[in-house]
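**Student:** 3D, please:
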Amino acid sequence: MDKYKKLASNTLIFAIGTFSSKALSFLLMPFVTAMMSTGNYGAADLIQQTVNVLIPIVTLQVNSAALRFSLDKAADKRDVFTVGVRTTLAGFAVFALLSPFISKISINDFNLGEYILLIVVFVLVSGFRQLCQQFVRGSGYVKLFAIDGIIATATTLLFTILFLGPFKWGITGYVVAIIASDFCSIVFFALTAKLYRYVTPRLFTKGITGQMLKYCVPLIPTVILWWIINVSDRYMVTYFINSSANGLYTAASKIPNFVILFSQIFIDAWQLSAVDEYNAEDRSKFFTNVFRVYSGGVFAVASGLILTCQLITKILVADSFYSSWQFVPILIIATTYSCIVNFLASVYMAEKKSLMSLLTAMSGAVTNIVLNLVFIPKIGANGAAVATVCAFLVVFVTRGLNTRRYIKINFRLPIMLVETAVLITQSVLMLTLETGIRLYAFEAVLFALMLALNIKPLKELAQLVLTKFLKRGKTEGQENG
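**Tutor:** As a prediction, this is how the structure comes out:
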């Protein structure tokens, strides 16, 4: 199959599962924000983000190694998955013993110790779900990966409505809904992909244990550094202001996830193609062409979101959360560059250069912490958003320069600078002008400019997807005939 068509095919398959699961966070926002106060919503988010940073530490980020090594055709997949299971269980045993120390942590009006049992269970279940997900994806079961996304969407929706609605469990219900959904996913993967066949009882795994740990251990600080860039601002907003302010900031961060939704659908498929085609002679051209289409789509989606951010916020959240829209435009710019940076991560993945991924992420994390300390006390929660934008820009520059050692991608920097200037101008206008016809007229013109800048890559993207759909429809018609 042509490499572009294969990428389009996998993208469409992942879109089925990813879109439903990512879209769920938007669909649930009106219900969740109606059932929880800004303070409780902020606290629930901190629990979830705490687990997100604990999982890579506890599991040694072995799920990333499970993905990368299961992609190697010569690797024994039984050994790969067995190493993943053993590493996850060993890490969890150590974490369970150390959990009483974590329970002593408190931030302003938020006490982590009240939810330590939830956190321990959350880490175990979600850690195993991530391992199963990545192994299944790397082993070629892309359709199962997509179906799991649909199942996870349905179960999360069901459990969240049940636990926050009739049961009225509040913060606990919000977290237990995620845990229950993740457990359902583990059962689904175990039964459909028959993962029990990939667990071997032998003590030694032909040296692959060392190879996998050498790859994934440097990713632990990398993931933590990404967490610092993406999430630490929520802890600092809670510290410098309070949980209610973090609740508003968290609600605002959900809307830029539309950009991540577009990005993640593609990145899941792109990682597979990046590894498959990395040794091809025309890989620089292939990476450049794909980046042009991908970045054009990301910037176009971001521009459209800034244009409509007030309306989307009005629809998605309860009235008490509406003021959160003021944080959205700057967060959208930050999210845009996070998506661009994620594309470059595929180079390190193909090269197995996890250490370079760590070093480039470190530059952004340091930038983020320093600027958070400067900006949040002076300009409030939007200071955290500005710090995040600066952090991702630093990572893009360092990673863009470094990856040229392995593959030369033409980033179209003059066009990217204009695109960035458009997003910044849209954000400034949205935050400074009074809502009305004049504001939206300016915003619409800038959105049209963004589309004009990306008309060619967007047209190529549409043609690629349309061709795939038409080909699939023709094939199905022939089969039915």
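**Student:** buried residues in the helix or strand encompassing A421?
**Tutor:** Following DSSP states H and E, one finds A421 within helix 413-432. Neighbour counts using 16 or more other Cβ atoms under 10 Å place I415, M416, E419, T420, V422, L423, Q426, S427, L429, M430 of helix 413-432 among the buried residues. For glycine as for every other residue, the C-beta is placed from the backbone atoms N, C-alpha and C.
**Student:** Alpha carbons of it, as CSV, please.
**Tutor:** Listed next in CSV are the C-alpha coordinates belonging to helix 413-432 (Å, rounded to 0.1, in the frame of the first residue of the first chain):
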residue,chain,number,x,y,z
LEU,A,413,9.4,29.1,8.9
PRO,A,414,8.3,32.4,7.2
ILE,A,415,4.7,31.0,6.9
MET,A,416,4.8,29.6,10.5
LEU,A,417,5.8,33.0,11.8
VAL,A,418,2.9,34.6,9.9
GLU,A,419,0.5,31.9,11.2
THR,A,420,1.7,32.5,14.8
ALA,A,421,1.3,36.3,14.4
VAL,A,422,-2.3,35.7,13.2
LEU,A,423,-3.1,33.6,16.3
ILE,A,424,-1.5,36.2,18.6
THR,A,425,-3.4,39.0,17.0
GLN,A,426,-6.7,37.1,17.3
SER,A,427,-6.0,36.5,21.0
VAL,A,428,-5.2,40.1,21.7
LEU,A,429,-8.3,41.3,19.9
MET,A,430,-10.5,38.8,21.7
LEU,A,431,-9.1,39.8,25.1
THR,A,432,-9.2,43.6,24.6
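**Student:** elements contacting that helix?
**Tutor:** Applying 3 or more Cβ pairs under 8 Å, 6 or more residues apart in numbering; DSSP states H and E, one finds that helix 413-432 makes contact with helix 283-316, helix 328-351, helix 437-453.
**Student:** List the contacts of that helix.
**Tutor:** Residues outside helix 413-432 that contact it (Cβ atoms under 8 Å, 6 or more residues apart in numbering) are 295, 299, 302-303, 306-307, 309-310, 326, 329-330, 332-333, 336, 439, 442-443, 446-447, 449-450, 453-454.
**Student:** so which of the helices and strands packed on helix 413-432 gets nearest Q134?
**Tutor:** For Q134, the closest of the helices and strands packed on helix 413-432 is helix 328-351, at 11.7 Å, according to Cβ to Cβ.
**Student:** Helix 283-316 and the closest one, what's the angle between them?
**Tutor:** 150 degrees (axes from the mean of the first three to the mean of the last three Cα atoms, to 10 degrees).
**Student:** So which bits of helix 328-351 are buried?
**Tutor:** For helix 328-351, by 16+ other Cβ under 10 Å, it's 328-351.
**Student:** Surely F69 and Y215 touch.
**Tutor:** Yes. If you go by Cβ atoms under 8 Å, F69 and Y215 touch, sitting 7.4 Å apart.
**Student:** Compare neighbour counts for these two and give me the winner.
**Tutor:** Higher neighbour count among F69 and Y215: F69, with 26 against 20, using other Cβ atoms under 10 Å.
**Student:** if you average pLDDT over the strand or helix carrying G84, what comes out?
**Tutor:** In this assignment (DSSP H and E), G84 forms part of helix 77-102. Helix 77-102 shows an average pLDDT of 92 in the prediction.
**Student:** Which other helices and strands does it contact?
**Tutor:** Partner elements for helix 77-102 (3+ Cβ pairs under 8 Å, 6+ apart): helix 38-59, helix 62-70, helix 116-138, helix 208-216.
**Student:** Tell me which of these lies nearest to N279.
**Tutor:** helix 62-70 (15.1 Å).
**Student:** and the closest one, what does it pack onto?
**Tutor:** helix 77-102, helix 116-138, helix 208-216.
**Student:** Looking at the helix or strand just after the shortest one now, give me its mean pLDDT.
**Tutor:** Elements were assigned by DSSP H and E; along the chain past helix 208-216, the next helix or strand is helix 219-230. Per-residue pLDDT values over helix 219-230 give a mean of 82.
**Student:** need the next SSE after helix 219-230, C-terminal direction.
**Tutor:** helix 232-240.
**Student:** pull the CA atoms of the next helix or strand along the chain from that following helix into CSV?
**Tutor:** The element immediately downstream of helix 232-240 (helix or strand, assigned by DSSP H and E) is helix 243-254. Below are the C-alpha coordinates for helix 243-254, written out as CSV (Å, rounded to 0.1, in the frame of the first residue of the first chain):
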residue,chain,number,x,y,z
SER,A,243,-8.8,25.8,43.9
SER,A,244,-11.7,27.8,42.4
ALA,A,245,-9.3,29.8,40.2
ASN,A,246,-7.8,26.5,39.1
GLY,A,247,-11.3,25.1,38.4
LEU,A,248,-11.9,28.0,35.9
TYR,A,249,-8.4,27.5,34.4
THR,A,250,-9.0,23.8,34.1
ALA,A,251,-12.4,24.4,32.4
ALA,A,252,-10.7,26.7,30.0
SER,A,253,-8.0,24.2,29.1
LYS,A,254,-10.6,21.7,27.9
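**Student:** any idea how far helix 243-254 is from the chain center?
**Tutor:** Remark: helix 243-254 is offset 18 Å from the chain centroid, using Cα atoms, centre = their mean, to the nearest Å.
**Student:** Quick one: residues in contact with it.
**Tutor:** Taking Cβ under 8 Å, 6+ apart as the rule, helix 243-254 contacts 25-26, 29, 33, 37-43, 45-46, 108-110, 233-234, 237-238, 313, 316-317, 321, 323-328, 331, 380-381, 384.
**Student:** the inter-axis angle of that helix versus helix 328-351?
**Tutor:** Going by the same axes, to 10 degrees, helix 243-254 makes 60 degrees with helix 328-351.
**Student:** can you pull the buried residues of helix 243-254?
**Tutor:** Buried, per 16+ other Cβ under 10 Å, within helix 243-254: S243, S244, A245, N246, G247, L248, Y249, T250, A251, A252, S253, K254.
**Student:** same check, this time on stretch 402-415
**Tutor:** For stretch 402-415, by 16+ other Cβ under 10 Å, it's N402, T403, Y406, I407, I409, F411, R412, I415.
**Student:** what distance separates the start and the end of that stretch?
**Tutor:** In stretch 402-415, first residue to last residue: 21 Å (Cα to Cα, to the nearest Å).
**Student:** re the thing from before, what about the helix holding A421, average pLDDT?
**Tutor:** Mean pLDDT, computed over helix 413-432, is 94.
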